[in-house]
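Trainee: Based on what follows, work out the 3D shape:
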Amino acid sequence: MEIQQSTALSEIDLSDPELWSAPQAVREAVFATLRAERPVPFFAERAFPGVDLPVGPGYWNLTKHADILEASRKPHLFCSSKGATAIPDLPEDFNEFFGGMINMDDPRHARQRKIISRGFTPRALSRIEASVQERARRVVDRVIEKGECDFVADIAAPLPLEIICDMMGIPEVHAPMVLEKTNLILGLGDPDFVAPGGDLIGAALVAGAELAALMQEMAEERRKRPTEDLTSALIDASGDDGALTDQELCSFFILLVAAGNETTRNSISHGMKALCDYPDQRAIWAADFEGILPKAVEEIVRWASPVMFMRRTCTEDLSIGGQAMKAGDKVLLWYTSGNRDEDVFDQPYKFDVRRSPNEHVGFGGPGPHFCLGANLARREIGVMFREIFNRLPDLTITGEPAYLRSNFINGVKRMPCAFTPGKAGA
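Mentor: Have a look, this model is predicted:
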């Protein structure tokens, strides 16, 4: 990746909405300048069109890897309960409905995470191993005879979405609706999903309500006829840890389809683009696919940085990165910048499938909010690329990707690709 040579510090404003529709090389240059010249800058907040909320006082930004790790390890100083996924202060019930436990602190966070962990134990994940492989095979079967498709819609998006539906026991017929509503919730700032000037909060609430209604229906069914799916496990109150309430279950489902679907599909999309942009790395991986697989997956996640930031709020007066902050100050942990930190990564703008060490923060920083589904995401990414390498080995990106306009999700909306047609079921 080539980045813009320089960006003047005085011209940088992370609150400028135009920055988030600029080419990625421009954004990379912005963060490179901040890391070098002002690694903990403060920016004023701006009114967000379509969001009728008071404009906040502004926010600090952690752009260095070390500072992101420090804040992540100190949740007692950098709390999540004031909101983790948005810069504005949103109503508490809105935060919990859309973010669930990532917008909580202990002990509430610990209780929910312990219950939800039932679905992410090695035993639970082993039950879906075959499902991941079978789903990946079917994804390729649906496109292999065409010779071309939209990589995002037809290859990257279906696998994680279908796996989530499998885990929760949701019939496949509902998958298109789940994808549509998830896209809307995470794409509120993009005109492809909500018309300019539209009511963004209202649109999110309507989409969330439809997802919640589906989950409510599932919960009622599983109480009558429990199975071995995750929905049944989460509403099972027979254990010492108790069960999720219906409201908690609905919030978790919205979080799961957002965190587990959008982030994995965007990692796969960015990873495929990188493999086409770096054919030498593609050849290296192809020559020893299984041997390089673990490192390649970690590099894809670092490269993609699918969640660009998480917000925290200072619980007391403190200092980090040499910058004094006050209790109540907002702080953004910029994972997308930490994953390019020159002090941590050798040649950070080079995609290197053998990169080692690779202490990226693509799944969040260390601490209680590290991504619960990280191992499942790694599995999905690896299986999908194995299927591509084996059955679509000459797949090529044939046009510029259409990127999501967002400062939160590093999303790819569309990306055309072509390949030599093959035979389904082969």
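
Trainee: Could you use CA atoms for every contact and neighbour count after this?
Mentor: Noted.

Trainee: tell me the helices in the stretch 51-200 of the chain, going along the chain?
Mentor: 65-72, 92-99, 108-116, 122-127, 129-143, 151, 158-168, 175-186, 200-224 (DSSP state H, counting those that start in this stretch).

Trainee: which strands and helices sit next to the first one?
Mentor: On a contact count with 3 or more Cα pairs under 8 Å, 6 or more residues apart in numbering; DSSP states H and E, helix 65-72 meets strand 330-334, helix 335-338.

Trainee: about what we covered before: which one of the helices of the stretch 51-200 of the chain has the most crowded surroundings?
Mentor: Among these, ranked by average contacts under mean count of other Cα atoms under 10 Å, first place goes to helix 151 (a mean of 25).

Trainee: got a list of contacts for stretch 112-124?
Mentor: For stretch 112-124, the surrounding residues in contact (Cα atoms under 8 Å, 6 or more residues apart in numbering) are 101, 125, 230, 233-234, 241-244, 372-373, 376.

Trainee: ok, back up a step: make a markdown table out of the helices of the stretch 51-200 of the chain and add distance to S251 and mean pLDDT.
Mentor: A markdown table is the format used below for those (distance: least, Cα to Cα, whole Å; pLDDT from 0 to 100):
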| stretch | distance to S251 | mean pLDDT |
| --- | --- | --- |
| helix 65-72 | 23 | 98 |
| helix 92-99 | 5 | 79 |
| helix 108-116 | 11 | 92 |
| helix 122-127 | 21 | 79 |
| helix 129-143 | 24 | 93 |
| helix 151 | 29 | 98 |
| helix 158-168 | 13 | 90 |
| helix 175-186 | 13 | 82 |
| helix 200-224 | 7 | 88 |
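
Trainee: any chance of those in CSV, with distance to N261 too?
Mentor: Converted to CSV, those look like this (distance: least, Cα to Cα, whole Å):
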stretch, distance to N261
helix 65-72, 23
helix 92-99, 14
helix 108-116, 17
helix 122-127, 16
helix 129-143, 13
helix 151, 15
helix 158-168, 5
helix 175-186, 8
helix 200-224, 14
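
Trainee: Which one, of the ones you listed, ends up nearest to R265?
Mentor: The closest of the helices of the stretch 51-200 of the chain to R265 is helix 158-168. By Cα to Cα, the value is 6.6 Å.

Trainee: sorry, back to before: now tabulate the helices and strands packed on helix 65-72 in JSON lines and tack on mean pLDDT, mean neighbour count and distance to E380.
Mentor: Below are those laid out as JSON lines (pLDDT from 0 to 100; neighbours: other Cα atoms under 10 Å; distance: least, Cα to Cα, whole Å):
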{"stretch": "strand 330-334", "mean pLDDT": "98", "mean neighbour count": "25", "distance to E380": "25"}
{"stretch": "helix 335-338", "mean pLDDT": "98", "mean neighbour count": "28", "distance to E380": "21"}
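
Trainee: Not counting sequence-adjacent ones, nearest residue to L9?
Mentor: Once flanking residues are discounted, L9 sits nearest to T33: 6.6 Å by Cα to Cα, 6 or more residues apart in numbering.

Trainee: typo on my end, it should be R142
Mentor: Closest to R142 by Cα to Cα, 6+ apart is A424, at 7.2 Å.

Trainee: Pick out the residue nearest the middle of the chain.
Mentor: Centroid-nearest residue in the chain: T263, 3.0 Å away (criterion: Cα atoms, centre = their mean).

Trainee: Before we move on, what's the pLDDT of that residue?
Mentor: What the model reports for T263 is a pLDDT of 85.

Trainee: That one touches M308, doesn't it?
Mentor: No. Here T263 lies out of contact with M308, judged by Cα atoms under 8 Å, at a distance of 10.3 Å.

Trainee: can you give me the strands in this protein?
Mentor: In the chain, the strands defined using DSSP state E lie at 42-43, 59-62, 78-79, 148-150, 309-314, 318-320, 323-325, 330-334, 396-397, 402-403, 412-414, 416-418.

Trainee: Any idea which of those gets closest to L19?
Mentor: Short answer: strand 402-403, nearest of the strands of the chain by Cα to Cα, at 12.7 Å.

Trainee: what's the average pLDDT for that closest one?
Mentor: Per-residue scores along strand 402-403 average to 95.

Trainee: Output the contacting helices and strands for that strand.
Mentor: Going by 3+ Cα pairs under 8 Å, 6+ apart, strand 402-403 lies up against strand 412-414.

Trainee: so what strands line up beside the strand it packs on?
Mentor: Strand 412-414 pairs in its sheet with strand 402-403 (antiparallel), by DSSP bridges.

Trainee: Roughly how far does A86 sit from F98?
Mentor: Distance from A86 to F98, counting by Cα to Cα, to the nearest Å: 11 Å.

Trainee: Over to N266?
Mentor: Counting by Cα to Cα, the gap from N266 to F98 is 20 Å.

Trainee: Regarding stretch 220-235, how distant is the last residue from the first?
Mentor: End-to-end for stretch 220-235, by Cα to Cα: 10 Å.

Trainee: do stretch 344-351 as well
Mentor: This stretch, stretch 344-351, spans 15 Å end to end (Cα to Cα).

Trainee: which parts of that stretch are buried?
Mentor: Neighbour counts over stretch 344-351 (16 or more other Cα atoms under 10 Å) mark 344-345, 348-351 as buried.

Trainee: so how far is it off the chain centroid?
Mentor: In terms of Cα atoms, centre = their mean, to the nearest Å, the centre of stretch 344-351 is set 21 Å apart from its chain centre.

Trainee: same check, this time on stretch 250-264
Mentor: Here stretch 250-264 shows a centroid-to-chain-centroid distance of 9 Å under the convention Cα atoms, centre = their mean.

Trainee: Kindly report the same for stretch 165-182.
Mentor: Taking Cα atoms, centre = their mean, one finds stretch 165-182 lying 18 Å from the centre of the chain it belongs to.
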